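Novice: Here you go, sequence then predicted model.
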Amino acid sequence: MAEESEELKTFKDLGLAEPLAEACDKLGWKNPLKIQVEAIPAALQGKDVIGLAQTGSGKTGAFALPILHALLEAPRPNHFFACVLSPTRELAIQIAEQFEALGCEIGVKCAVLVGGIDMVQQSIKIAKQPHIIVGTPGRVLDHLKNTKGFSLSRLKYLVLDEADRLLNEDFEESLNDILQEIPRERRTFLFSATMTKKVQKLQRVCLRNPVKIEAASKYSTVDTLKQQFRFLPAKHKDCYLVYILTEMSATTSMVFTRTCDSTRLLALILRNLGLKAIPINGHMSQSKRLGALNKFKSGDCNILLCTDVASRGLDIPAVDMVINYDIPTNSKDYIHRVGRTARAGRSGVAISLVNQYELEWYIQIEKLIGKKLPEYPAQEAEVLLLEERVSEAKRLAVTKIKETGGKKRRGEGDYADDDVDKYLGLKDGRSSKKFKRR
Amino acid sequence: MTKSRTAPTTSNSKRKWKEGKSEKKVKQSKGGKKRKDTDVPKSHSMLKDDHDDVEGFDNETTRSEVVESQHPENNESGLTEDSDTEDNVEFSHSDEEDIKINDQLTSENSMHLSSFDLHLQHNLSKEEIENQGNLKFNWEIPAIGMSNSKWIGTGENILEGLNINSYDGLKEKLSEHWMDVYKSSGSKDISSDKQKLFLSLCNSYRDILHCSKRPFYLKGLEDTSIMDAYIMHSLNHVFRTRDCVKKNDAKLTKVGETADIDRFRDQGFTRPKVLILLPLASIVYRVVKRLIQLTPSAYKANVEHMDRFATKFGSEEHDGQKENDLEADYAKPQNLSKPSDFEALFSGNNEDDFMMGIKFTRKTIKLFSDFHTSDIIVASALCLTNKIEEAGSNKDKDVDFLSSIEVLIIDHADVIAMQNWSHMHTVIEHLNRLPSKQSGTNVMRIRPWYLDNYARFYRQTIILGCYSNPDINASFNHQCFNYEGKVKLVSEYKGVLHKVLPQIRQIYERFDVDSIVDADDARFEYFVKKVFPRIKDSDQGGIMLFTNSYFEFIRIRNFLKSQNASFCLLGEYTTQSDISRARLWFYEGTRKIMLYTERSHFYHRYKIRGVQNLIIYSLPERKEFYPEIVNMLDGSDNMACTVLFSFLDKLRLERIVGTAPAKRMVAAKKGVFVFCD
């Protein structure tokens, strides 16, 4: 492919300023990744860019570097130079860290405006006149309304990261309000893993003659990812999960579930069985979420149980395995989930546990990625040997949750028996997938 | 180009203001160094905006600003009230003053950059903060108008060669009005050298500990000069802040959004800049009345809520003349038995839980304004502590109005110490913290050192009292971090022994202490082993045990209980009926020992009768109390009193026996001293 020749390019060849190329070098980025090779020159020419790229492909670098380059060349004063909007708090913090790492040589100042963190501290950050604002739409808008002196009227660059998710019902309104506050005369970069109708609409509203870059074919997953599924009865799901995790005990794994409560329950079950598991979900406070993430990153815990809150953008290096405990109803979420592993050229495994009720969605996923997946090989008898221990662990976990008061939702008590209930209640249960954002 | 030309002159002016003392001073040369840095391309941060031409910019646009400021509508900062539509006469008058100053400014190459600007525009470096801990009091100068006293200070000697007759820092309008007030009151000396010196000290923005202030309630001339000085200083600070903000508002509307906002950082998180802490409502009444008096008439066309102020803080004597007449016959004779200073201090409104905001708008003084939008807050430490506690437990409340205090004045620290200094400690700890809520201030106008959480290094603390004690000293030494340094008054005392009746033998016994931690135990042990046996078995009654603190009082009470001694209590929490009974018992001899504390003497000034033998377990902080207590022995048989002390009591000791004898007594080999004159 064409990649071969581009591989040899350096960051400097892309037209980036010396200090930035050096910063990349320091971060260990030898050669630009594909999307960077394509996006950076276009961005440096002052064009709007739409990037369709899978996760882990270096999107952040693709927009951060041109912005920093422009920042270097801009006449002073240049505070509130660029604003990056991202759908999740974790992702926003990660982007800001990336900006700071790339820009430390040139003294770039970043402010992260996300929910769950003290407004006053953030307004002090704003008062220090940062060059880059990274945030979630809700909080950025909150500051635009309530922090006197903060305006984006001189903004030069706007970045919409994970645009498809920025456009769901949670953010759409805030995003529109923010767009009202931003000058028309600006450069806009729009990045999205998937291209939806809404994103196309946004593109028409926000961008002018954009350069469209597709770093990967639509909805594909990377080749280094080994994908498998296992068809199983609902009542044996826990058993299989434990079996797989114990089989691959030396690896770091992420387990995706549909609800916040089940992350908690599963984490307790796994802990009772002596596995180092930690949950992360939207019911946790921001500091707890960050704490859990750090524990996972540092290796204190090697199993992260999460909802779709963690399915996007989070750059957790070296995740070896992704297990879909619940099959996502939205097949695009599948792409995001498995995108947590096999990042940046590494290999990884993704295993989906499919029960009788989830078959339909699973078939849709296969359709989307355009291939039939092999079945995960396991002897059912061998797996069921674990049953007794697992159900004991589950009983303990349920008692514990009941003791601590549980959550508002009843039902996880009779988890296995209630499986049907749970999935039948799915239509209104959808709301549990959304997280409180303020 | 203009910028680069004017910039060095401002650094010059800084030098001149410091009387051109020396070029080698770090602070002064810093300005120059910085500027050099900006010429060289910055290696460290290429994106950093250089702020160094800020001062230059000021000079450049002073003229244009005058035109702009005539639009009173420009109140972006919210610091001016637009509700009162004003005749522009008064306002343009103040502009004329500005023009005058500006002309001077430009013609003399900004000789008069005030100490206010110098203090607040200073760019604090990391080293200066680190050096905070090891500042030494390295210079001294005799205090004018006060015998046996000298000012000592850290950092540069600001007083040396300072021309105290020039009111350099004061706004012209303020000092003019001040002079008028003095003239009209018919006072002979317009203002004494002592006062001028103190004002200059205030103006230097150093922390000040002045603990030899003669309080108004002690006999002799009412001494308001220090009070006037700090009021003038507060007013000056408030009005300069306002001028600065107004000026920048005007400039900002002129240059518009495109400007580099960094030049206009002139505010704190919240508006209150001056906090005055006082012990009693009656003192608030004095201070605030004087403050209103000293405000130039142009700024006080109207004083809002004056009536409420009089009812809340004034005493009945001032307002309800009728009431007073009715009570006159009834109240007066009873009070005659109390000393005159007690009368003067406590005859007014004794409320000690109060807080009031004072806000200056263009022509109006608003009393009782909302704390968050006041300029000056006058409060008691007790009230603030309550507010702080409330804010701690209730998320809806906050004490953000303490976040941006730039001048803290604690007057009558000695009386506050008698109330409870620990409240003061709490309050000072909570000053200059980052606010907990969004204040509505334009964040782009907040001074950078507020954002860096360095505000406490810019706060000036002025502590005034008639004596100091370890608590006050500790607050001054460990809770004040002003980068400008500290100045304190050190006095030599003559002592008060001459006020004691000549026949009384005062035996001072020193006990040995290794460290301050053991001091209480050592004192107690000495008492138990050496003193108590002497009184335990004697049949003679009328033994009064005087303690300085409540803790000692409790300790001895418990000890006496355990010994089944015959004693009665007269402490600060004893009820009125118990006190009467105790005094009677003691006088009649039914109870042999009476326990008495300094604080109960402070609040009641009892004349205890029937004292035969006085044991001063610990010396009183207030030196006036010593002769009062000792003279209670008058008429007793042996006319003797015993005083326990250690070298740690030196501060109290020197106020009572005098500085030179105290030194000898602390250092001498033998431990017993007898005064009998």
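Specialist: Right, received. Where do you want to start?
Novice: and residue A:299, what is it in contact with?
Specialist: By Cβ atoms under 8 Å, 6 or more residues apart in numbering or on different chains, the residues touching residue A:299 are residue A:252. Backbone N, C-alpha and C define where each C-beta goes, glycine included.
Novice: Helices of the stretch 101-250 of chain A, start to end?
Specialist: Here the stretch 101-250 of chain A has its helices, by DSSP state H, counting those that start in this stretch, at A:119-127, A:137-146, A:163-166, A:169-181, A:197-206, A:237-247.
Novice: now the first one against helix A:137-146, angle please.
Specialist: Using axes from the mean of the first three to the mean of the last three Cα atoms, to 10 degrees, the inter-axis angle of helix A:119-127 relative to helix A:137-146 is 80 degrees.
Novice: measure the closest residue to residue A:174 other than its chain neighbours to residue B:273 for me?
Specialist: Distances taken as Cβ to Cβ, 6 or more residues apart in numbering or on different chains place residue A:137 nearest to residue A:174, at 3.9 Å, with adjacent residues excluded. Note on residue A:137: its distance to residue B:273, by Cβ to Cβ, to the nearest Å, is 37 Å.
Novice: next one: residue B:532
Specialist: Distance of residue B:532 to residue B:273, given as Cβ to Cβ: 54 Å.
Novice: got it, and residue A:391?
Specialist: From residue A:391 to residue B:273 the distance is 68 Å (Cβ to Cβ).
Novice: Who has more neighbours out of the two?
Specialist: residue B:273 (22 against 15; other Cβ atoms under 10 Å in any protein chain shown).
Novice: And that one, what's its pLDDT?
Specialist: On pLDDT, residue B:273 comes in at 94.
Novice: Could you check how many residues crowd around the closest residue to it other than its chain neighbours?
Specialist: Once flanking residues are discounted, residue B:273 sits nearest to residue B:406: 4.8 Å by Cβ to Cβ, 6+ apart. Using other Cβ under 10 Å, residue B:406 has 23 neighbouring residues.
Novice: same deal with residue B:340?
Specialist: Neighbour count for residue B:340, taken as other Cβ under 10 Å: 11.
Novice: With residue B:394 instead?
Specialist: By other Cβ under 10 Å, 9 other residues sit near residue B:394.
Novice: Tell me the secondary structure at the nearest residue to residue B:114 once chain neighbours are set aside.
Specialist: Ranked by Cβ to Cβ, 6+ apart and with sequence neighbours excluded, the top spatial neighbour of residue B:114 is residue B:169, at 5.4 Å. What DSSP: H, G, I helix; E, B strand; the rest coil gives for residue B:169 is coil.
Novice: Surely residue B:169 and residue B:203 touch.
Specialist: Yes - Residue B:169 lies in contact with residue B:203 (Cβ atoms under 8 Å); the separation is 3.5 Å.
Novice: how about the strands in chain A?
Specialist: Ranges of strands in chain A, per DSSP state E, are A:49-52, A:82-85, A:110-113, A:132-135, A:157-160, A:187-192, A:211-214, A:225-231, A:253-256, A:277-280, A:303-306, A:321-324, A:348-354.
Novice: would you turn those strands into a markdown table with distance to residue B:379 and mean neighbour count?
Specialist: A markdown table is the format used below for the strands of chain A (distance: least, Cβ to Cβ, whole Å; neighbours: other Cβ atoms under 10 Å in any protein chain shown):
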| stretch | distance to residue B:379 | mean neighbour count |
| --- | --- | --- |
| strand A:49-52 | 58 | 26 |
| strand A:82-85 | 43 | 27 |
| strand A:110-113 | 35 | 25 |
| strand A:132-135 | 39 | 27 |
| strand A:157-160 | 48 | 24 |
| strand A:187-192 | 52 | 25 |
| strand A:211-214 | 63 | 16 |
| strand A:225-231 | 66 | 17 |
| strand A:253-256 | 56 | 26 |
| strand A:277-280 | 47 | 24 |
| strand A:303-306 | 51 | 27 |
| strand A:321-324 | 60 | 24 |
| strand A:348-354 | 64 | 24 |
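Novice: Between those, which one is closest to residue B:503.
Specialist: strand A:110-113 (77.6 Å; Cβ to Cβ).
Novice: I'd like to know which helix or strand in chain A has the lowest mean pLDDT.
Specialist: Ranked by mean pLDDT, DSSP states H and E, the helix or strand of chain A with the weakest confidence is helix A:419-424, at a mean of 34.
Novice: how many neighbours does residue B:131 have?
Specialist: With other Cβ under 10 Å as criterion, residue B:131 counts 11.
Novice: meant to ask about residue B:147, not that
Specialist: So residue B:147, with other Cβ under 10 Å, has 9 neighbours.
Novice: Next, work out how far apart it and residue B:217 are.
Specialist: 22 Å.
Novice: one step back: most tightly packed of the helices of the stretch 101-250 of chain A?
Specialist: Among the helices of the stretch 101-250 of chain A, helix A:163-166 has the highest mean neighbour count (mean count of other Cβ atoms under 10 Å in any protein chain shown), at a mean of 25.
Novice: Identify all contacting residues around it.
Specialist: By Cβ under 8 Å, 6+ apart, helix A:163-166 touches A:85-87, A:137, A:160, A:171, A:175, A:190-196, A:198-199, A:202, A:312, A:332.
Novice: Just confirm residue B:152 is within a strand.
Specialist: Yes - Residue B:152: assigned to a strand according to three-state DSSP.
Novice: From what I see, it and residue B:140 are in contact.
Specialist: Yes - applying Cβ under 8 Å, one finds residue B:152 in contact with residue B:140, separated by 4.3 Å.
Novice: Compare the two and say which is more crowded by neighbours.
Specialist: Using other Cβ under 10 Å as the criterion, residue B:152 and residue B:140 rank with residue B:152 on top: 18 against 13.
Novice: Okay, and the beta partners of that one?
Specialist: residue B:140, residue B:488 (DSSP bridges).
Novice: Next, the residue nearest to residue B:273: phi, psi?
Specialist: When quoted as degrees, to the nearest 10, the phi and psi of residue B:406 stand at phi -110, psi -30.
Novice: phi, psi of the residue of chain B most remote from its centre?
Specialist: What lies farthest from the middle of chain B is residue B:539; by Cα atoms, centre = their mean that is 49.2 Å. Main-chain dihedrals, residue B:539, degrees, to the nearest 10: phi -80, psi -20.
Novice: now it: how far from residue B:567?
Specialist: Distance, residue B:539 to residue B:567, using Cβ to Cβ: 15 Å.
Novice: Could you do residue B:616 as well?
Specialist: In terms of Cβ to Cβ, residue B:616 sits 16 Å off from residue B:567.
Novice: Neighbour count: these two, which is higher?
Specialist: Neighbours around residue B:616 and residue B:567, counted as other Cβ under 10 Å, are more numerous at residue B:616. The numbers are 24 against 20.
Novice: Verify the contact between the more buried one and residue B:642 for me.
Specialist: Yes - taking contacts as Cβ under 8 Å, residue B:616 lies within contact range of residue B:642: 6.9 Å.
Novice: re earlier: and for residue B:152 and residue B:140, which residues touch both?
Specialist: residue B:490.
Novice: Of the strands of chain A, which is nearest residue A:403?
Specialist: strand A:277-280 (17.2 Å).
Novice: Run through the residues that contact the residue nearest to residue A:174.
Specialist: By Cβ under 8 Å, 6+ apart, the residues touching residue A:137 are A:85, A:166, A:171, A:174, A:175, A:178.
Novice: got it, and residue A:349?
Specialist: Per Cβ under 8 Å, 6+ apart, neighbours of residue A:349: A:225, A:226, A:227, A:228, A:248, A:320, A:321, A:322, A:341.
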